[in-house]
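# Sequence plus predicted model, see below.
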Amino acid sequence: MHDWESLSHVRWDCKYHLVFVPKYRQKKLYGKFRRRVGEILRDLCKQKNIELLEGHLMPDHVHMCLKIPPKNSVAYTIGFLKGKSAVRIHRWILGSKKSTGLSFWARGYCVSTVGLDEATVRAYIRHQEKNEQRQLELFD
């Protein structure tokens, strides 16, 4: 049976597959930096009661499968995650002292609803790196 969440007057199961990229699609997400960005995103999800079902950071983009409560719009959630994580990345990881104009992520994003194909989407996110390597080998 399907597991539904509930708020005071709502029964819900809202899952989304999100992809967003660093500015200019620069390959910045490596090693310790990658791990720290993952920790920042997980922490921000907890703050807004967003369940991070699956996530994977590639060198030039981020895949996440999120369970977002209906009280928060998808656009609000992504704006919150990208905005707050950019500030934390600049302050905690890059050591910037600026308080305004701190951008790390590109403006756009890709989002799709997961629906009942959650297992397929989660497997896709989990094996994203292997799929990309396989594609690169085909074109070399």
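Everything's here; your move.
# Point to the residue nearest the middle of this structure.
Computing the C-alpha centroid of the chain and ranking residues by C-alpha atoms, centre = their mean puts Met64 first, at 4.0 Å.
# That one and Glu54 touch, don't they?
Yes: contact status for Met64 versus Glu54: in contact at 7.2 Å, counting by C-beta atoms under 8 Å. Every C-beta, even on glycine, is put in place using the N, C-alpha and C of the backbone.
# Between those two, which contacts overlap?
Common neighbours of Met64 and Glu54, using C-beta atoms under 8 Å, 6 or more residues apart in numbering, are Ile125.
# Contact partners for the residue nearest to the centre of the chain?
His17, Leu18, Val19, Leu41, Leu52, Glu54, Gly55, His56, Ile125.
# at 10 Å what do you get?
Listed by C-beta atoms under 10 Å, 6 or more residues apart in numbering, the contact partners of Met64 are 16-20, 41-42, 45, 50, 52-57, 78, 81, 111, 125.
# out of these, which are inside helices?
Using DSSP state H, Leu41, Arg42, Cys45, Ile78, Leu81, Ile125 are the members of these that sit in helices.
# Now the fifth one. Nearest residue, chain neighbours left out?
Okay, so that is Leu81. Leu44 (5.5 Å; C-beta to C-beta, 6 or more residues apart in numbering).
# Of the ones in helices among the contacts of Met64, just the buried ones, ChimeraX syntax please.
Command for ChimeraX that selects the buried part of these, burial taken from 16 or more other C-beta atoms under 10 Å:
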select :41,45,78,81,125
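# Show me where this structure has its helices.
For the chain, the helices defined by DSSP H occupy 31-47, 74-88, 118-126, 128-139.
# Could you save the ones you listed as CSV and add columns showing mean pLDDT and distance to Ser6?
As requested, the helices of the chain are exported to CSV (pLDDT from 0 to 100; distance: least, C-beta to C-beta, whole Å):
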stretch, mean pLDDT, distance to Ser6
helix 31-47, 93, 19
helix 74-88, 94, 19
helix 118-126, 86, 19
helix 128-139, 78, 32
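# Go through these and pick out the most buried.
Mean neighbour count, computed with mean count of other C-beta atoms under 10 Å, is highest for helix 74-88 among the helices of the chain, reaching a mean of 17.
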